[in-house]
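Visitor: Sharing a sequence plus its predicted fold:
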Number of protein chains: 2
Amino acid sequence: MSKGILIVVSGFSGAGKGTITKELVKRYENYCLSVSATSRKPREGEVEGRDYFYKTREEFESMIENDELLEHAQYVGNYYGTPKKYVEDCINAGRDVILEIEVQGALQIKKKVPEAVTIFMTTPTIAILKQRLIGRGTETLEVIEQRLKRAKEEAEYMTQYDYIIVNDDLEECVTGLNDLLASLHSRVSNNEEFISSIKKQLQEI
Amino acid sequence: MSKGILIVVSGFSGAGKGTITKELVKRYENYCLSVSATSRKPREGEVEGRDYFYKTREEFESMIENDELLEHAQYVGNYYGTPKKYVEDCINAGRDVILEIEVQGALQIKKKVPEAVTIFMTTPTIAILKQRLIGRGTETLEVIEQRLKRAKEEAEYMTQYDYIIVNDDLEECVTGLNDLLASLHSRVSNNEEFISSIKKQLQEI
């Protein structure tokens, strides 16, 4: 059995990362969705192990010291990070792991794990992004402005990703992303054992 | 409209490269199949422009001098090469060009055109490869031995390709290869104009 692939998904707030990755994991059995650890307090409705693994600052810092995180960063005084063990267990079990993660963390991972695949998700246009953010109806205009400002910063990193996925239609996006991820298993780097076996068979005839 | 992709397909004799690539071009409109130029004489049943573009040695050498070939090599005293113009025309028209080409030429192209995608096609096992070669019924045992010896040499270059395609079942192989090639259009290198446009839109809001 070949190893799974580490897939990092970033993208603009409002591009639909969460919806698409959750749908992918629901439909296809070969994906794991990584859950981040954080030192921030759970918000109402959030569930331990589904939304985040909640840690105290001390617990989080000891995870950093023990090299238990694939990447980590601080936002507004709180730690966020990706626990290494779950990712490694899934990959060794031959399943692809999806990490939904912001730009800095994504590029950290690409440096540490060059065979990881980084995907940036966007809407077809910024007008559509704005519409979607307004359409949610849960955010104030101020928050929407902040997200668009953030998008402007994030866009500077788009060319450092491997793939750009345009989320125009949910159905097409999920199917297209699944096809893309499936095709990655044909990469030479994912077939080293198979190639060795073919070479061995050719020596034996 | 985004540019097409240069796709180089190599693989063991008997792996089914010709069948698969012809089927791909027949089924989907977005592919062009590149036709090689050669200085060897047409064999019975071969058609100019379908099997090869037939040239005299002098004509071929002037193509080399005028830099009209993407790659070229000599086998058993004859020239073989890929005319550049057809490939460039297809790519500029947004179509993916498939080059079915042997190992040396494939690696020459990868060096010259780094964004080209190289694919190596194999049977699931060497026993199956041997069966297919015997099953053709057109080759002597001596020729089959030569092809397997050649396969042994070619296998040494497999890890220098981008993707390995296992041709187990025609239907699955054609569909899988089409999915793989479609997914390449999501590469960042194929979306530079789109990324620039998104950045521009973000500057304007």
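Guide: Arrived safely, thanks for sending. Numbers count the residues shown, from 1 in each chain, chains lettered A, B, ... in the order given.

Visitor: and chain A, which of its residues are near chain B?
Guide: Contact residues (CB under 8 Å from any CB of the partner chain) of chain A with chain B: A:120, A:122, A:125-127, A:130, A:148, A:151-152, A:155-156, A:158-166, A:176, A:179-180, A:182-183, A:186-188, A:191-192, A:194-195, A:198-199, A:201-203, A:205. Any C-beta I mention is one placed from the backbone N, CA and C, and that applies to glycine too.

Visitor: Show me what the helix or strand bottoming out on mean pLDDT in chain A is packed against.
Guide: Sorting the helices and strands of chain A by mean pLDDT, DSSP states H and E puts strand A:69-75 at the bottom, at a mean of 90. Under the contact definition 3 or more CB pairs under 8 Å, 6 or more residues apart in numbering or on different chains; DSSP states H and E, strand A:69-75 sits against helix A:57-65, strand A:78-83, helix A:84-92, helix A:103-112.

Visitor: can you do 7 Å?
Guide: If you count contacts as 3 or more CB pairs under 7 Å, 6 or more residues apart in numbering or on different chains; DSSP states H and E, strand A:69-75 packs onto strand A:78-83, helix A:84-92, helix A:103-112.

Visitor: for it, the distance to its chain's centre please.
Guide: 13 Å (CA atoms, centre = their mean, to the nearest Å).

Visitor: So what angle separates the directions of it and helix A:57-65?
Guide: Per axes from the mean of the first three to the mean of the last three CA atoms, to 10 degrees, the angle that strand A:69-75 makes with helix A:57-65 is 140 degrees.

Visitor: Quick check: buried residues in strand A:69-75?
Guide: A:69-72 (16 or more other CB atoms under 10 Å in any protein chain shown).

Visitor: re earlier: which one of the helices and strands packed on strand A:69-75 is the most hemmed in?
Guide: Highest mean neighbour count of the helices and strands packed on strand A:69-75: strand A:78-83, a mean of 20 (counted as mean count of other CB atoms under 10 Å in any protein chain shown).

Visitor: From residue A:69, how far off is residue A:86?
Guide: 11 Å (CB to CB, to the nearest Å).

Visitor: what's the answer for residue A:105, then?
Guide: Per CB to CB, residue A:105 is found 10 Å from residue A:69.

Visitor: Could you do residue A:22 as well?
Guide: From residue A:22 to residue A:69 the distance is 23 Å (CB to CB).

Visitor: Do a quick rundown of the helices in chain A.
Guide: A:17-27, A:57-65, A:84-92, A:103-112, A:126-135, A:141-155, A:170-183, A:192-204 (DSSP state H).

Visitor: Those: which one's closest to residue A:36?
Guide: helix A:103-112 (8.9 Å; CB to CB).

Visitor: So what angle separates the directions of the closest one and helix A:141-155?
Guide: 20 degrees.

Visitor: Which residues does helix A:103-112 contact?
Guide: Helix A:103-112 is contacted by residues A:8, A:10, A:70-71, A:73, A:116, A:118, A:154, A:157, A:160 when judged by CB atoms under 7 Å, 6 or more residues apart in numbering or on different chains.

Visitor: For that helix, the averaged confidence score.
Guide: The average pLDDT within helix A:103-112 is 92.

Visitor: No further queries at this time; thank you.
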